[in-house]
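1. Please work out how this folds:
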Amino acid sequence: MKTAGRLLLLALLFAIITSACSTQQHEIVPEYDGLTVDSIDFNGRSFLVAQEENDFPGSIFYYPQDSLYYDLLTDHIKKIEQQYNMKLNFSMEFGREGTFSGMLMSAAMSGLNICDFVIMRGSNNNMKAAESGTFYPLNYFPDIIDLKNSDKYCPLNILECCMARGNIYGVIPNYWPQKSNDGNMGLLVAINENLINRYGLDDPRDYYEQNIWKLSKFDEIMPIFHIVDGENDIKSVAINTRYLCRGFLGSYKIGNVYEKDGQFYPADKNPDLLPALEWGLNFLSAYSDDYLVLEGWNYTPNLAAGECVMAFTESSYLLDMAKQLDNFGFVPFPAADKYDSKDVGLAFSTFPTFSIFTGTDDPESCARVIDILFEELEGVTQDEMVDSLYKTLFFDERDAMIYTQLYKNAVYDYFGVGGNLQQKIETVYTSKTAQEVISSIEGTLDKMFEERMLPNYMTMMELQ
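-> Got it, this is the predicted structure:
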């Protein structure tokens, strides 16, 4: 069906979106019909990419039109179109967030072929769309899309956000600049470097490099980084307790699945949960004079105003910091003492993914397009990406290097479909003992674990 005709089908969807989206759907795995492509020649076919609307009209994969990477990507696409006799069209006529996912879900349920590919920005809807049958399973094409190639498609721990019952429905162009950083990852500790220099404090980035950025070191510097300078009471760090929960779970590398002696269990059975909670509760009690408790999530204004030396944050707020501070740095939250400083687990809930729409008439051709499209862009190397981040966003090359590696240890938090361990305990742990917290959540993760987490985990293990 021609692109224009597909866009006309959008009008048909509005009458059925409400009823479709209000009905709980089970995963639909489309039947593979064995279509093949004898040669890499698409015979002039046009493929339509439905891209979730964003604040940059005309962007492609969220590269704004006035950016270098947009130019590199459009050149890349033009070469592909010419070499493989095809056309890629991008449309943002499908709306954003709930409207976007609802439109696609309704089209899939109605058997309407409105596009070939979907770029879903995130908003915790990726897994919902995968479970509803909106996307086609990419692991059905192992000879075309090598999901073991994490350099090209991103590591499986990130792709988990677009998995359903063991199938993988979305990939991320990891060769392309900054695409592995489009998610919202935390917990990070941002640093006002001007205050570090003014008061002669040790830079936590040095601790990180020396592999001593551990929870014990964080405890040690809490009273030291609390500065009283005349009338200025500068706290060591700005926090909220939900952020802190994310931090100490990552410190102990508590993921979604606990494995012991070949058996698999929900995260609440992980024995490291007890010391993690004990550390968090002790931190809140022991250093209550040294930290600043704030509402919300973005503490950039407080850090910029000099109210604190450090602040808990997420990767999505680093751009704000670059705009408001003339010298800042950051490190991941410190690791538990038994782990390497650079091996701490981060959490994320959203990542833009690229998927095949289940209604396309030729999913195998679409798989071949992904394989071709996701190659490296000419004109930029990994070193140049780091250098560009250093020159445009950060004040120290170390920050740029850390930023490009954040995704490697990130854990999907299943927020969009009910949440993982973090969501179970983050609002209750401060009012109980560590053991009481564990007892209170016993069994609450079992259904999520059995239906979602374990099947996805087993697929990731098989593909490693």
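
2. Need the distance between the two termini of stretch 307-327.
-> 15 Å (Cα to Cα, to the nearest Å).

3. do the same with stretch 403-423
-> Taking Cα to Cα as the measure, stretch 403-423 stretches 25 Å from start to finish.

4. Report the buried residues of it.
-> Using 16 or more other Cβ atoms under 10 Å as the test for burial, stretch 403-423 gives 403-404, 406-407, 409-417, 419-423. No exception for glycine: its C-beta is placed from N, CA and C like everyone else's.

5. next one: stretch 452-464
-> Within stretch 452-464, the residues scored as buried using 16+ other Cβ under 10 Å are Arg452, Met453, Leu454, Pro455, Asn456, Tyr457, Thr459, Met460.

6. Now tell me what touches it from outside.
-> Under the contact criterion Cβ atoms under 8 Å, 6 or more residues apart in numbering, stretch 452-464 has outside partners 127, 139, 147-148, 156-157, 160, 163-168, 256-257, 264, 266, 414, 417, 420, 445.

7. same thing but at 7 Å, please
-> By Cβ atoms under 7 Å, 6 or more residues apart in numbering, the residues outside stretch 452-464 that reach it are 147-148, 156, 160, 163, 165-166, 168, 256-257, 264, 414, 417.

8. Also stretch 426-443?
-> Residues contacting stretch 426-443 (Cβ under 7 Å, 6+ apart): 241-242, 245, 268, 273-274, 277-278, 280-281, 284, 424-425.

9. Equivalent analysis for stretch 135-147, please.
-> 29-30, 32, 118, 129, 153, 167-171, 355-358, 363-364, 367-368, 370-371, 463.

10. Just the ones in strands from those residues, please.
-> Judged by DSSP state E, the subset of these located in strands is Val118, Asn167, Ile168, Ser355, Ile356.

11. so how many other residues sit close to the third one?
-> In other words, Ile168. Ile168 sits with 26 neighbouring residues when counted by other Cβ atoms under 10 Å.

12. which ones among the buried residues of stretch 403-423 are found in helices?
-> Residues of the buried residues of stretch 403-423 located in helices (DSSP state H): Tyr403, Thr404, Leu421, Gln422, Gln423.

13. low-scoring stretches of the stretch 101-250 of the chain, by residue?
-> 122-123 (pLDDT under 70).

14. Of the ones in strands among the contacts of stretch 135-147, which is the nearest to Asp290?
-> Nearest to Asp290 among these, counting by Cβ to Cβ, is Ile168 at 44.3 Å.

15. correct me, but the closest one touches Leu159?
-> Yes. Counting by Cβ atoms under 7 Å, Leu159 is a contact partner of Ile168 at 5.6 Å.

16. What are the phi and psi values at the residue of the chain most remote from its centre?
-> Relative to the centre of the chain, the most outlying C-alpha is that of Gly230, 42.3 Å out, by Cα atoms, centre = their mean. Gly230 adopts backbone torsions of phi 60, psi -120, taken as degrees, to the nearest 10.

17. That one: what's it in contact with?
-> With Cβ under 7 Å, 6+ apart, Gly230 has no contacts at all.
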